[in-house]
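>>> Sequence and predicted structure are below.
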Amino acid sequence: MSDTFLGTSSGGGPSESRNCSSLVCDMLADQSLWMVDCAEGTTRQFALQPHYTKPHVRIHYVSKIFITHMHADHIMGIVPFLRNVLLPPPAGHSSHPASSLPKPPKVQIYGPAGLRLFVRQIMKMTLTRTLENYVVHELLTAEDTTTPCDPPSINSASSVAEPNILHCNEVAGQDIYASPDGLWRAIAQGNGKISKIVVDAGPIHHRDPCIGYTFSEIQFPSRKLVILGDTYDPAPILPLCINPPPSLLIHEATDSHISHHADPSGKLSRRTAGEVHQKALSRGHSVPEMAGAFAKQVDAQDLVLNHIGGRFPAPRNPQDRARHKIINDIGKKASEAWGKGRHVAVAYDFLRVNVPFNNVNPTSSLSTLNRHHGQVGVLEAELEVLVAVSVESVEVEASTSNRSARSREDSDITGNKRRRW
Ligand SMILES: [Zn+2]
Ligand SMILES: [Zn+2]
């Protein structure tokens, strides 16, 4: 089980080095992919995967999408994605008549109130027709307004003026209400090759309603993947994040104070830690220390920071020491708050991380994360160097000539060959 980050920018993006939020996970080990968030440009990110990330993730294998919240940097890629994956209808093909049974949905989308209406209306307004169908299931609270799924008639199938009527390629979705404890349990599941996977969800505090998702294998030895949307405090989802603890926690860190030693130019280190913290909170976001503190609270085995602010672009090449230093400083701040002395990865586009088995070998975390980047069995004392080298794996092949001594092939846990840098 591994996560591939397709977009790692905060809402200020997309930027020169990062697309906005989206990631996919090969949850079931059967080639299918489950996606979390789908920012503008996500479809193109599938086409831009660098050669060293092989095997590439394939857009047509995405079967479920989990949306964390309705902010534009998380949902504006959904309709372009559906247009691509659901395929255009044959020439002269009209949508399924209202009287016929619709085909089962090829893509199932889960998300907060309003998501169904958003997708439906954009599909209608852009006159999108597809060969395959989709469905939107909404995770609702008692206060939320529902979006009905009235069947289309011949005359009204594409009318934006009738928002309660399904799009012609839409299947009626479920309205899934939270339990009294505020959590959505077992909203989806899948039969993986290794174990059955159960998906739970819970609210997290952001400036608007936001959801975090947990993906749990139920068969021992199990893994649990926790992916949080934008948040300044994920406390409400805490009950889903313990017993067992997350094997991998993906937590946002939109802003960060930068240490003077990591910032020779002095531009980023000008803001004090207190100022940065306050600003992040006021916008509903986290700093690395908050991500590290939550990882400590839930005893996460691995931690990756995501949703990185525009001040902190991903390094462009191995020689881009200035950017490496800044990114390393961000990871180090989370690591210190986490208190395990373990490496914290700061996500960049196309980073792939393994989800480790819980407690099978608790000391292997660092190497597991960096195995994808060719850094196996290195002492934690080399952490700072390691992080820099890890980030370098985003580089293009042209940079290999002067690094050939370090370049060799390695196998990841799935047995796939990947290049080591
Ligand atoms: Zn965001
Ligand atoms: Zn947001």
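Cool, the structure landed. Residues are numbered from 1 along each chain as shown. Ligands and ions are numbered 1, 2, ... in the order given.

>>> The lengthiest helix in the chain: what's the following helix or strand?
If you go by DSSP state H, the chain has its longest helix at helix 321-338. Counting by DSSP states H and E, the next helix or strand C-terminal to helix 321-338 is strand 345-346.

>>> mind checking pLDDT for F220?
pLDDT recorded at F220 is 89.

>>> Counting by contacts, list what the longest helix of the chain packs against.
The contact analysis (3 or more Cβ pairs under 8 Å, 6 or more residues apart in numbering; DSSP states H and E) places helix 321-338 against helix 288-298, strand 303-306, strand 345-346, helix 383-392. For every residue, glycine as well, the C-beta is placed using N, CA and C.

>>> in the longest one, what counts as buried?
If you call a residue buried by 16 or more other Cβ atoms under 10 Å, then helix 288-298 has these buried ones: 288-295, 298.

>>> And stretch 75-89, by the same measure?
Within stretch 75-89, the residues that count as buried by 16+ other Cβ under 10 Å are 75-86, 89.

>>> Could you see whether ligand 1 lies near it?
No. Stretch 75-89 stays clear of ligand 1 (Cβ under 5 Å from the ion), getting no nearer than 10.0 Å.

>>> what phi and what psi does the backbone show at L82?
Per-residue torsions, L82: phi -60, psi -40 (degrees, to the nearest 10).

>>> Quick check: chain neighbours aside, which residue is closest to it?
Spatially, and ignoring its direct neighbours in sequence, L82 is nearest to Y134 (5.6 Å; Cβ to Cβ, 6 or more residues apart in numbering).

>>> Other residues contacting stretch 195-203?
27-28, 66, 110, 139, 141, 178, 182-191, 209-219, 222, 236-237, 239-240 (Cβ atoms under 8 Å, 6 or more residues apart in numbering).

>>> Report the buried residues of it.
Using 16+ other Cβ under 10 Å as the test for burial, stretch 195-203 gives 195, 197-203.

>>> which one of those residues is nearest L228?
Distance ranking of the buried residues of stretch 195-203 against L228, using Cβ to Cβ, places G202 first at 9.4 Å.

>>> Now that closest one, what are its backbone angles?
When quoted as degrees, to the nearest 10, the phi and psi of G202 stand at phi -150, psi 160.

>>> Now for the residue nearest to it when sequence neighbours are not counted, how many residues are close by?
Closest residue to G202 apart from its sequence neighbours, by Cβ to Cβ, 6+ apart: I237 at 3.2 Å. I237: 26 surrounding residues under other Cβ atoms under 10 Å.

>>> now swap in K340 and tell me
By other Cβ under 10 Å, neighbour count at K340 equals 20.
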